[in-house]
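In: Next comes the sequence, and after it the predicted model I'd like to discuss.
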Amino acid sequence: MTDSVIPQLIRKDLRLHRLQMAITIGAGILALVVMQRGGEVSLVLGSTWYFVAIIVLACMLPVSMVVNERKKQTLAFVMSLPVSSTQYTTAKLVSTLLMFLVPWLLLLVCALALTTTGNTIPQGAIPMVVIMALLPLIGFSVILAVAIVSESEGWAIAATVVCNSTYGIAWYLITKTPSLTVNWTRHVAIWDQTVLRLLFAEFGSVALMISLTFFLQSRKRDFI
Amino acid sequence: MNDLAIELTGICKRYRYFSLDKISLQLPQGEIMGLIGANGAGKSTTIRILMGLIHQDAGEARVLGHPMPAEQVAAKRDIGFASEDMRLYDSMTLGWHMSFIQSIYPNWDDSYAQVLLKRFGLRADQKIKSLSHGQRVKSTLLLVLARKPKLLVLDEPTTGLDPVARHEILRELAHVMQDDGRSILFSSHNTQDVEQISDRITFIDRGRIIDSMDKEMYLDRWRRLRLEVPPGLHLPALPGVIDVRQQGRLAVATANAFVPDLANAYETRGARVQCIENMTLEEIFVANVEHSREEVEA
């Protein structure tokens, strides 16, 4: 027997929820196609659909992969296997992150590829696109942390509402920051200190949420 | 490893409205223990502690020689656990579940799994959501039994099953015990099921173990004496008698340590013994719980 069943648990989750991943990728690609048609309406419509597809996935995955495990009483089945609560948390974090990162990264790469090859958006907007695209990843890590630690649908929904309300404010603030928008219309991407600091803060937030999840899970005394 | 499959010593667990109070019990390897208690008595909490799913506030839990919850991963490699509130993945087939479990347990016996499929009337290609409650329970047990665990921990596995399904499951558990090395802890509030397969029985009530001994010993030691009492005579509870209920000229004495001399002792006090009745396990359980509660409240 292998020492750890974490790989089997990850494979199980990927198998159970692969449809959600496929639907997001399909919807995201459709949004990118719309964006490429040209014109302001297509750009607004396509970019809205693009972010909606990512945000919906960020909201759905923690509920369907974590909260439902308890709600549908399959958690007892998983915990009857040779697995500790820390191993379960690791498997859940890895599988859920993978399920989000694969479509998120694929769509981000596609969006950047379209930006660099097409004429719809200037290449100077690339740093802004990356900064904005990272916000749903932060939101996802917050909702996932709340879902894993609380195992409660109510708290997961509350976290979703808070995150979804924050995206609009965050995007507004980013687009109103002169040091970021000054390079927007340039023909080359400028990765200055402001951009790098923001990216560092965004990745730091994701890392913090993951660490916090492990810390709080390790303090739990009752797992079922 | 010692020869105890389960060893709980002074286990305490406190919640706001319920607590387990110094639970101690031992299950030798190769035996079947029935854990009987009313709803909310503490059966599931005790089982979750010995599975490492809940951490005890005090006391020691060892399962197959492993301290719990510290070595739960190692212990659970040899434990087959099924509980009444355990569900499989609705959207997947039983065959997928079998492959999943097989990928985790190298002891998985596929030929035995096929035998169980036939015996339980299940189909591997059927999705879990299309199964009846009885078929779901049987599916869970198939997944547990085919991995050939040294210890089976079953938390109310027969709850909600029809008599035929219950019989099939109890027959399979009896079959499993032909392997001498196996042990089973079987919790239920259905005394008939427990009585059928258990070697040893433990009663739990309000978070306390109130009695634990061999099944045959319970049936040997517990008796109900129906007595006719002359007017004005009040019968005392003699040694070995836990309860005397007197109504007019008739009295019923419940003995938990019956000896033939007990009947003579009542007759010398002026009562006439009408009959001495054996008690079923359910009657013993109810009398035991009532006696325990009266003792606590006194």
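Out: The structure has been received and is ready for your questions.

In: Tell me the residues of the stretch 1-150 of chain B that contact chain A?
Out: Contact residues (CB under 8 Å from any CB of the partner chain) of the stretch 1-150 of chain B with chain A: B:48, B:51-55, B:69, B:72-74, B:76-77, B:79-83, B:85-92, B:100, B:103-106, B:140, B:144. Every C-beta, even on glycine, is put in place using the N, C-alpha and C of the backbone.

In: out of the residues you listed, which are buried?
Out: Buried positions within the residues of the stretch 1-150 of chain B next to chain A, assessed by neighbour count (16 or more other CB atoms under 10 Å in any protein chain shown), are B:48, B:51-55, B:69, B:72-73, B:76-77, B:79-83, B:86-89, B:92, B:100, B:104-105, B:140, B:144.

In: and those, which of them are in strands?
Out: Among those, the ones falling in strands (DSSP state E) are B:79-83.

In: now those residues as a markdown table including distance to B:L185 and pLDDT?
Out: Output for these, formatted as a markdown table (distance: CB to CB, whole Å; pLDDT from 0 to 100):
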| residue | distance to B:L185 | pLDDT |
| --- | --- | --- |
| B:I79 | 10 | 95 |
| B:G80 | 11 | 94 |
| B:F81 | 10 | 95 |
| B:A82 | 11 | 93 |
| B:S83 | 11 | 92 |
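
In: Closest one of these to A:L43?
Out: Nearest to A:L43 among these: B:S83, at 54.5 Å, using CB to CB.

In: What residues of the helix or strand hosting A:I55 count as buried?
Out: Assigned by DSSP states H and E, A:I55 belongs to helix A:40-62. Neighbour-count burial for helix A:40-62 flags A:43, A:46-47, A:49-51, A:53-62 (criterion: 16+ other CB under 10 Å).

In: Smallest gap between the stretch 151-298 of chain B and chain A, at which residue?
Out: In the stretch 151-298 of chain B, the residue that lies nearest chain A is B:V153 (8.6 Å; CB to the nearest CB).

In: mind listing the helices for the chain?
Out: Just so you know, I chose chain A. A:6-35, A:40-62, A:68-71, A:75-79, A:85-117, A:126-150, A:153-175, A:178-181, A:193-218 (DSSP state H).

In: You answered for a different chain; I wanted chain B.
Out: B:43-50, B:72-76, B:94-104, B:110-119, B:133-145, B:163-176, B:191-197, B:215-221, B:261-268, B:281-297.

In: who does the fourth one touch, helix- and strand-wise?
Out: Going back to what we said before, that points to helix B:110-119. Using 3 or more CB pairs under 8 Å, 6 or more residues apart in numbering or on different chains; DSSP states H and E, the elements in contact with helix B:110-119 are helix B:94-104, helix B:133-145, helix B:163-176.

In: now, of these, which is deepest in the fold?
Out: Among these, helix B:133-145 has the highest mean neighbour count (mean count of other CB atoms under 10 Å in any protein chain shown), at a mean of 22.

In: What residues does chain A have near chain B?
Out: Residues of chain A lying near chain B by CB under 8 Å from any CB: A:1, A:5, A:8, A:12, A:16, A:72-74, A:76-77, A:79-84, A:87, A:221-224.

In: Would you agree B:C275 is in contact with B:E228?
Out: No. Here B:C275 does not reach B:E228: they are 10.4 Å apart, not a contact under CB atoms under 8 Å.

In: if you count what's nearby, which of the two comes out ahead?
Out: Ranked by neighbour count (other CB atoms under 10 Å in any protein chain shown), B:C275 and B:E228 place B:E228 first, with 12 against 9.

In: which strand residues sit across from the more buried one in the sheet?
Out: Using DSSP bridges, the bridge partners assigned to B:E228 are B:L250, B:R272.

In: per-residue confidence at it?
Out: On the pLDDT scale, B:E228 is placed at 91.

In: cool, B:D180 as well?
Out: 63.

In: Check B:E156 too.
Out: For B:E156, the model assigns a pLDDT of 89.

In: so it makes contact with B:K43?
Out: Yes. Contact criterion CB under 8 Å: B:E156 and B:K43 qualify, at 7.4 Å.

In: what do the two both touch?
Out: Common neighbours of B:E156 and B:K43 are listed as B:187, B:189 (criterion: CB atoms under 8 Å, 6 or more residues apart in numbering or on different chains).

In: number of nearby residues for B:P260?
Out: B:P260 - counted by other CB under 10 Å - has 8 other residues nearby.

In: Angles on the backbone of it, please.
Out: phi -60, psi -30 (degrees, to the nearest 10).

In: The one 10 residues further on too?
Out: Torsion angles at B:G270 (phi, psi; degrees, to the nearest 10) stand at phi 100, psi 0.

In: Do I have it right that it meets B:G232?
Out: No. Counting by CB under 8 Å, B:G270 sits too far from B:G232 to count as a contact (9.6 Å).

In: name the helices or strands packed onto the one helix or strand in chain A whose mean pLDDT sits lowest?
Out: Ranking every helix and strand in chain A by mean pLDDT, DSSP states H and E puts helix A:178-181 at the bottom, with a mean of 82. Applying 3+ CB pairs under 8 Å, 6+ apart, one finds that helix A:178-181 contacts helix A:126-150, helix A:193-218.

In: Could you check how far the nearest residue to B:D90 once chain neighbours are set aside is from chain A?
Out: Take B:D90 and drop its neighbours on the chain: the residue closest to it by CB to CB, 6 or more residues apart in numbering or on different chains is B:K129, 4.0 Å away. Per CB to the nearest CB, to the nearest Å, B:K129 is found 11 Å from chain A.

In: Near B:K129, how many residues? Count them for me, please.
Out: If we define neighbours as other CB under 10 Å, then B:K129 has 12 of them.

In: wait, what's in contact with A:Y88?
Out: Here A:Y88 is in contact with A:9, A:78-79, A:223 (criterion: CB under 8 Å, 6+ apart).

In: How confident is the prediction for the nearest residue to B:R269 once chain neighbours are set aside, by pLDDT?
Out: Among residues not flanking B:R269 along the chain, B:L235 sits closest, at 6.8 Å (CB to CB, 6+ apart). Note on B:L235: pLDDT of 80.

In: got it, and A:T2?
Out: 49.

In: Which residue lies nearest the spatial centre of chain A?
Out: The centre of chain A sits closest to A:L137, judged by CA atoms, centre = their mean, with a distance of 3.2 Å.

In: unless I'm mixing things up, that one is touching A:E202, no?
Out: Yes. Contact between A:L137 and A:E202 holds when scored by CB under 8 Å: they sit 7.5 Å apart.

In: Tally up the residues packed near A:A133, please.
Out: 19.

In: That one contacts A:A111, correct?
Out: Yes. Contact criterion CB under 8 Å: A:A133 and A:A111 qualify, at 7.3 Å.
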